[in-house]
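Asks: fold the stuff below for me.
(2 chains)
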2 protein chains.
Amino acid sequence: MMEASETWNRLLAHVRETALLESTAAMLEWDEHTGMPVQAAEYRAEQLMLLSGMIHQRRTDPKIGEWLKALADSSLASEPNSPIGASIRCMRRDYDKHVRLPESLVKQIAKATSLGQQAWVLARKENAFQSFRPHLEEILSLRRQEADLLVDEGMTRYDALLDQYEEGARISTLSDLFSRLRDALVPLIHEASLPKNQPHSSCLAGLFDLDQQRSLSRWVAEQIGFDFSRGRLDETEHPFCTTLGPHDHRILTRYHSDSFSSGLFGVLHEAGHGMYEQGLPAEWYGTPAAAAASLGVHESQSRLWENHVGLSREFWQWCLPHAQERFTNLQQVTVPQMVKELNRVEPSLIRIEADEVTYNLHILIRFELEVDLINGSLSVADLPEEWNRKYQDYLGIMPTSDAVGVLQDVHWSAGLIGYFPTYTLGNMYAAMLFDAAERDIPDLKARIQIGSFLPLLEWLRDRIHVYGRRYAPMALIEKATGHSVTSQPLIDHLDRKVRSRSGASERS
Amino acid sequence: MMEASETWNRLLAHVRETALLESTAAMLEWDEHTGMPVQAAEYRAEQLMLLSGMIHQRRTDPKIGEWLKALADSSLASEPNSPIGASIRCMRRDYDKHVRLPESLVKQIAKATSLGQQAWVLARKENAFQSFRPHLEEILSLRRQEADLLVDEGMTRYDALLDQYEEGARISTLSDLFSRLRDALVPLIHEASLPKNQPHSSCLAGLFDLDQQRSLSRWVAEQIGFDFSRGRLDETEHPFCTTLGPHDHRILTRYHSDSFSSGLFGVLHEAGHGMYEQGLPAEWYGTPAAAAASLGVHESQSRLWENHVGLSREFWQWCLPHAQERFTNLQQVTVPQMVKELNRVEPSLIRIEADEVTYNLHILIRFELEVDLINGSLSVADLPEEWNRKYQDYLGIMPTSDAVGVLQDVHWSAGLIGYFPTYTLGNMYAAMLFDAAERDIPDLKARIQIGSFLPLLEWLRDRIHVYGRRYAPMALIEKATGHSVTSQPLIDHLDRKVRSRSGASERS
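Replies: Numbers count the residues shown, from 1 in each chain, chains lettered A, B, ... in the order given. This is a model prediction of the structure:
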């Protein structure tokens, strides 16, 4: 019989070697999205296919099952929230999912989603939902089969999918959280929205030199606490954040010369993700103790810095002079004007361009639709009509085509079902965390006003980052904030925002 | 019995998968030298160690030996210069070298050179040759053991080392080539050199905006034929060129704001390497048919573009106006002034800063010393004194310290013995190739003068690039130029340069 500690060491060495390969694949992908020569794409795909095959083989190695079995009753596993105990629990969970799914189904899904994404690109381009329809039907059918294999006692099919992205989240909890949010937001948006078609003059119109945008964004990322000795900031088509090692976190944004804010807010968002990754305990890298708790918790970190910090009056009291140093066309802009402009609320068709208030309704619509698609009460054939009906009901606008309606997101074509709700969960967690941080750091807003962000970052590190996956996401939020997950802080936050905005509007 | 074609296909699949891992390692190294966060170094080393272990295992896989044995008498192997026949021959050669070396010796060398490089860094910093001495002695002893295992009929120990970098090169040939070169260069340099300590005023003094340098260098690389759809240009501490796939070639340079030429000539040099790699037949990627013929042939491509093109009057007749567009401080400079300044000849202590004429003497000194070190006629203890004596004899200058003398290069500390001569072989090949290209392309210089570089590049592709390793390096040069390898074209080239320079000097 091997000692438990020896078994653990073997397991640890195994997952760390897997992590070396995973981070190498992440390197190849980072490069693919930053500046890889155009003709290199095909070979890069071959490199990634080889690595992902090796990674898959390692993750499903039967030795892992044996080691985990041997560790199950050991003292190492007895503290479920200790780094090792939690790692064993999470590895068990991940490994069980892997072995429940037959390779044939995994391959079918990989093929269907690969074809699905190609079909989606074309369907969106040609505004032809019908050509995408059979692909989505196939993907839904396969994901239902997958869910049936993963479902545990007391879970619905949709729960089984959701649980892959947000451990422990259930449709029952989400329906409750989300319907409260919907009931509060729909009237709020009606109140906040500008009358339609009213032309709007912006204090942020004009051109903004790209190098100055780069300089401001990098400086802001540094000031809020993104550690450039352990990270980089680069440019790409679709902003993202990736981790290439315990001390190598890379954020990417995109600058537009006709937008002052899109590149900067991309950086605030991605730096939020990056600082979470930088706050995970490096000594456990490769294990669940150093992995993000969930997609929702990850999103809470990006949204907290982007929305609660970046869109606040206090942030701009500090930041505006630094922006004005770089951009002459901002020299007449006041803090209230900047804050009002950045916080404009207006229903729009495209999720990724939506403002903070309307954004969540885009998510709720997708959540309600995908739940019905999975449980079979909505057919794919009826999806576009239902999509448009909900946009009319919740946001008061009607998509002018499927291309800017049901076909706008890549997610479903990639098989990502149960993923959308984590965006709004992230917003809820962010509001709860910022409330709790304000309570624990009485001068938080005064600190932000002078560009002192460390107290907030340290609070997040102590309450969220250091724990990795040691607690289930909602338990972690409850532990950090003292409250079980609720939509109220997000509703209050958005409500205050809309009211102060109307107020500001009246004063202006 | 497997069909030969089936055996070949298995071998091909094997080496192609190895190449996927090798190019992935090259990706990690490229990133390490371009912008990896400082704290990421330790983990990056772990990633590279894992990959190099996997690569080593694949390269020494006994299956390769079996496949090669099965192919030895097949019709596929019967044409030694066909892509497949040559690949089988080269793979046999490489595999035999691998299996002749016991793993214990390989590991000892890896350890000694790793420690050796660390000791060298420190010794150079502190000008303390004695602390490096035992490391060099150990490295030499191990490399002698290695040579004894690799030596074939009719080879000396040094030949066995040299043959790893330049297939088929022998000390006897090199001694002859190099002594002719030395006998011609030593008097030439005396003739060319400016009187010592004479202050020198340069038309290239001043500061040169880095962004303008980047813009000019990139544009020049594009004009001479480096394909940016299959490559990138980046910045790093020590310029190099690396290949990440059949269509992904990356060159790196370094700009200095107080030097107009160092960044640009770094690009000309590395683009020469890069265009060679881009000219290798992509369809054979991963096999010897798509690998560079040797270090010397590689260097010939970089030196040809850097020295024969970049330092020529015709090049500057074309390039100067483009440089003047970007740099106001060049507006008064004439083509003769520019060419004269770039072609200054002056003995100096540091190899990598040497001009085109004196450069080769730096190499000859190292060649003569390392031959004596390997055959035992020179002891490491006596090395610094012998180094200094040769600098005095050949270049007329005496190193002021070992740090700028025998300790200046990393090569020996890294175990690279037999490597230096490939630099001067590259210069010889370049002069031969440029002569032959001038003969075959009668208006070559007129073409360069109008920025038309494609005829030269296509000539190099047809005569050198497409062949990969299908011919031994000196045979390839002979095939391309119609002459066996000789130092005369290089001597003539340098002689013309010095004479026209003196002429220019008299006229100025």
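
Asks: and the angle from the longest helix along chain A to helix B:4-34?
Replies: Criterion DSSP state H: the longest helix present in chain A is helix A:4-34. Calculated by axes from the mean of the first three to the mean of the last three CA atoms, to 10 degrees, helix A:4-34 forms an angle of 80 degrees with helix B:4-34.

Asks: in helix A:4-34, what's buried?
Replies: A:4, A:7-8, A:11-12, A:14-15, A:18-34 (16 or more other CB atoms under 10 Å in any protein chain shown). Backbone N, C-alpha and C define where each C-beta goes, glycine included.

Asks: tell me, which of those make contact with chain B?
Replies: Here is what survives when the buried residues of helix A:4-34 are matched to chain B using CB under 8 Å from any CB of the partner chain: A:20-21, A:23-24, A:27-28, A:31.

Asks: in JSON lines, list those along with distance to residue B:235 and pLDDT.
Replies: Output for these, formatted as JSON lines (distance: CB to CB, whole Å; pLDDT from 0 to 100):
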{"residue": "A:20", "distance to residue B:235": "27", "pLDDT": "98"}
{"residue": "A:21", "distance to residue B:235": "29", "pLDDT": "98"}
{"residue": "A:23", "distance to residue B:235": "24", "pLDDT": "98"}
{"residue": "A:24", "distance to residue B:235": "23", "pLDDT": "98"}
{"residue": "A:27", "distance to residue B:235": "19", "pLDDT": "97"}
{"residue": "A:28", "distance to residue B:235": "21", "pLDDT": "97"}
{"residue": "A:31", "distance to residue B:235": "16", "pLDDT": "96"}
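
Asks: so who does the residue lying closest to residue A:409 once chain neighbours are set aside touch?
Replies: Excluding its sequence neighbours, the residue lying closest to residue A:409 (CB to CB, 6 or more residues apart in numbering or on different chains) is residue A:351, at 6.6 Å. Applying CB atoms under 8 Å, 6 or more residues apart in numbering or on different chains, we find residue A:351 in contact with A:359, A:362-363, A:408-409.

Asks: by neighbours, which of the residues you listed wins?
Replies: The residue in the contacts of residue A:351 with the most neighbours, by other CB atoms under 10 Å in any protein chain shown, is residue A:362 (26 neighbours).

Asks: isn't that one right up against residue A:353?
Replies: No: between residue A:362 and residue A:353 no contact is recorded; they are 9.8 Å apart, counting by CB atoms under 8 Å.

Asks: list residues touching both of these two?
Replies: Residues touching both residue A:362 and residue A:353 (CB under 8 Å, 6+ apart): none.

Asks: wait, what's in contact with the residue in the stretch 51-200 of chain A that chain B sits nearest to?
Replies: At 7.2 Å from chain B, residue A:51 is the closest residue in the stretch 51-200 of chain A, using CB to the nearest CB. By CB under 8 Å, 6+ apart, residue A:51 lies in contact with A:21, A:24-25, A:28, B:24.

Asks: tell me the one of the residues you listed nearest residue A:496?
Replies: Closest approach to residue A:496 among the contacts of residue A:51 (CB to CB): residue A:25, at 43.2 Å.

Asks: name the element the residue of the stretch 51-200 of chain A closest to chain B belongs to?
Replies: helix A:41-59 (DSSP states H and E).

Asks: how far does that helix sit from its chain's centre?
Replies: Centroid displacement of helix A:41-59 relative to its chain, using CA atoms, centre = their mean, to the nearest Å, is 25 Å.

Asks: I'd say residue A:440 and residue A:459 touch.
Replies: Yes: between residue A:440 and residue A:459 a contact is recorded at 6.2 Å, counting by CB under 8 Å.

Asks: which one of those two has more residues nearby?
Replies: The neighbour comparison of residue A:440 against residue A:459 (other CB under 10 Å) goes to residue A:459, with 19 against 16.

Asks: neighbours around the residue lying closest to that one once chain neighbours are set aside, how many?
Replies: Once flanking residues are discounted, residue A:459 sits nearest to residue A:437: 4.9 Å by CB to CB, 6+ apart. A count of nearby residues for residue A:437, using other CB under 10 Å, gives 20.

Asks: wasn't residue A:244 part of a helix?
Replies: No: counting by DSSP: H, G, I helix; E, B strand; the rest coil, residue A:244 is not part of a helix but strand.

Asks: SS state for the residue nearest to residue A:483 when sequence neighbours are not counted?
Replies: Distances taken as CB to CB, 6+ apart put residue A:432 closest to residue A:483, at 6.4 Å, once the chain neighbours are dropped. Secondary structure, three-state DSSP: residue A:432 is helix.

Asks: same check, this time on residue A:241
Replies: Going by three-state DSSP: residue A:241 is strand.

Asks: thanks again, I'm all set now.
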